[in-house]
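**Student:** quick one, structure for this:
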Amino acid sequence: MAFKVAERGAIAPFIVMDVMRDAARRQAEGGDVIHLEVGQPSGQAPEKVRRAAAKALADEPLGYTLALGTDSLRERIGHHYAKTYGVSVPVENICVTTGSSAGFLLSFLAAFAPGDRVAVAAPGYPAYRNILKALGIECVNVPVGPATRWQLSADSLSRVEGRLDGVVVASPSNPTGSMLSSIEVAELATWCELRGIRLISDEIYHGITFGRPAATAAGMAAASHAVIINSFSKYYAMTGWRLGWMVAPDDLIRAVECLQQNLFISPPTLSQRAAEAVFDCTDELDARVAGYRENRDILLAELPAAGFGRLAPSDGAFYLYADISGLTDDSRAFCRRMLAETGVAATPGVDFDPYEGARTLRFSYAGSAADMAEAARRLKAWKR
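**Tutor:** Numbers count the residues shown, from 1 in each chain. Got it, this is the predicted structure:
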């Protein structure tokens with residue numbers, strides 16, 4: 001007997017995870033791999049975080065917390081906004097989530113109905129598109145490029161045909177690392193607010209910037225109905241702890257809380273206890289960001305000689321997005337061959353862009369400087 005497979009499950013794979021699988025297989029077979037594919041900090045979480053986790057394991061029962069998260073962690077997050085941005089964020093509007101991934105799911109479920117239309121940048125983080133599709137929400141891909149520094153703008157959104165119910169912006173962005181200025185964030189927020197369009201601001205790479213700090217939509221008068229999503233995975237280097245947070249407006253926070261109660265009950269308790277300490281680790285974390293800058297500079301200096309000279313501006317995060325149209329029109333096959341012949345793993349652009357992704361790829365420079373230098377050496381020696 002044939003059983004039905006729900007259409008909502010027929011979404012595209014998160015291709016970077018497939019690349020990680022192929023890289024792991026190569027390593028299991030005795031080959032070496034330089035990991036430029038996965039967007040996660042290398043090394044352990046900060047020492048104070050690990051000590052806080054050990055203490056919580058020894059001293060606490062670690063049962064469920066409140067659905068929105070522990071009061072103490074939410075208060076630390078609120079203090080973070082006051083200290084970092086000079087913005088007052090009510091604790092009542094903060095929801096701790098199981099990674100930013102749960103934040104996107106909760107916000108999309110709370111803010112949009114099946115059949116609604118939500119705009120995202122192309123190239124952009126693939127899980128936006130895939131989660132929206134699984135929920136029956138139409139993802140409207142808006143091509144972006146050098147003219148807008150790879151970001152959405154009020155002008156590009158105004159040219160979208162048909163209604164929009166939501167807009168997702170990311171600054172710094174994945175995969176390009178480009179950023180919006182505070183003026184640009186305010187312009188987008190105003191454009192959305194005036195039209196009754198829900199803005200979702202992805203701020204998970206805040207803290208990893210090179211030159212100027214990232215601007216938050218939190219606290220902006222024009223963003224009173226916006227949702228802000230952040231994560232402990234990137235700047236805070238707690239990727240596998242699966243913890244993030246969101247700032248939800250008054251009209252959504254109860255819906256978010258009820259969804260959290262039913263979908264997740266509460267975020268991981270051990271991770272929450274540990275994460276309280278991470279806000280005291282700024283010196284250690286900023287040293288990591290200095291390392292990312294060094295890695296970026298190595299690749300910017302060396303990749304053009306390896307044939308990767310057309311790169312998007314990397315203002316933040318830890319990615320370089322390369323135009324490889326002069327090398328291939330099949331980025332997926334190109335990345336498989338590059339892994340097989342050089343041991344350098346990268347993510348094909350088709351993960352991020354349904355239009356031009358076959359001619360682009362993303363390098364992650366979240367690893368060590370030695371790995372960046374060796375990857376560049378191998379790519380320059382690669383006979384294509």
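**Student:** residues of the host helix or strand of residue 374 that come out buried?
**Tutor:** Counting by DSSP states H and E, the element that carries residue 374 is helix 369-381. For helix 369-381, a neighbour-count test (16 or more other CB atoms under 10 Å) marks 371-372, 375-376, 378-379 as buried. C-beta coordinates here come from the backbone N, C-alpha and C atoms, glycine included.
**Student:** check contacts around residue 14.
**Tutor:** 126-127, 130, 351 (CB atoms under 8 Å, 6 or more residues apart in numbering).
**Student:** if you set the cut-off to 7 Å instead, what comes out?
**Tutor:** By CB atoms under 7 Å, 6 or more residues apart in numbering, the contact list for residue 14 reads 126-127, 130.
**Student:** what kind of secondary structure is residue 141 in?
**Tutor:** Following DSSP: H, G, I helix; E, B strand; the rest coil, we place residue 141 in the strand state.
**Student:** any idea what it is bridged to?
**Tutor:** On the basis of DSSP bridges, residue 141 takes part in beta bridges with residue 120.
**Student:** quick one: residue 108 from residue 200, how far?
**Tutor:** 8 Å (CB to CB, to the nearest Å).
**Student:** now do residue 240
**Tutor:** Counting by CB to CB, the gap between residue 240 and residue 200 amounts to 25 Å.
**Student:** and if you look at residue 289?
**Tutor:** Counting by CB to CB - residue 289 and residue 200 are separated by 25 Å.
**Student:** again with residue 126
**Tutor:** For residue 126, the distance to residue 200 - CB to CB - is 15 Å.
**Student:** coming back round to it: what is the helix holding residue 374 packed up against?
**Tutor:** strand 34-35, helix 282-302, strand 344-345 (3 or more CB pairs under 7 Å, 6 or more residues apart in numbering; DSSP states H and E).
**Student:** out of the ones you listed, nearest to residue 88?
**Tutor:** Closest to residue 88 of the helices and strands packed on helix 369-381 is helix 282-302 (CB to CB; 20.5 Å).
**Student:** for that closest one, give me every contacting residue.
**Tutor:** With contact meaning CB under 7 Å, 6+ apart, helix 282-302 is reached by 41, 46, 207-208, 210, 235-237, 314, 318, 320, 363, 365-366, 369, 372-373, 376, 380.
**Student:** among these, which lie within helices?
**Tutor:** Among the contacts of helix 282-302, the members falling in helices (DSSP state H) are 369, 372-373, 376, 380.
**Student:** which one of the residues you listed is nearest residue 121?
**Tutor:** So of the ones in helices among the contacts of helix 282-302, ranked by how close each gets to residue 121 (CB to CB), first place is residue 372, at 26.6 Å.
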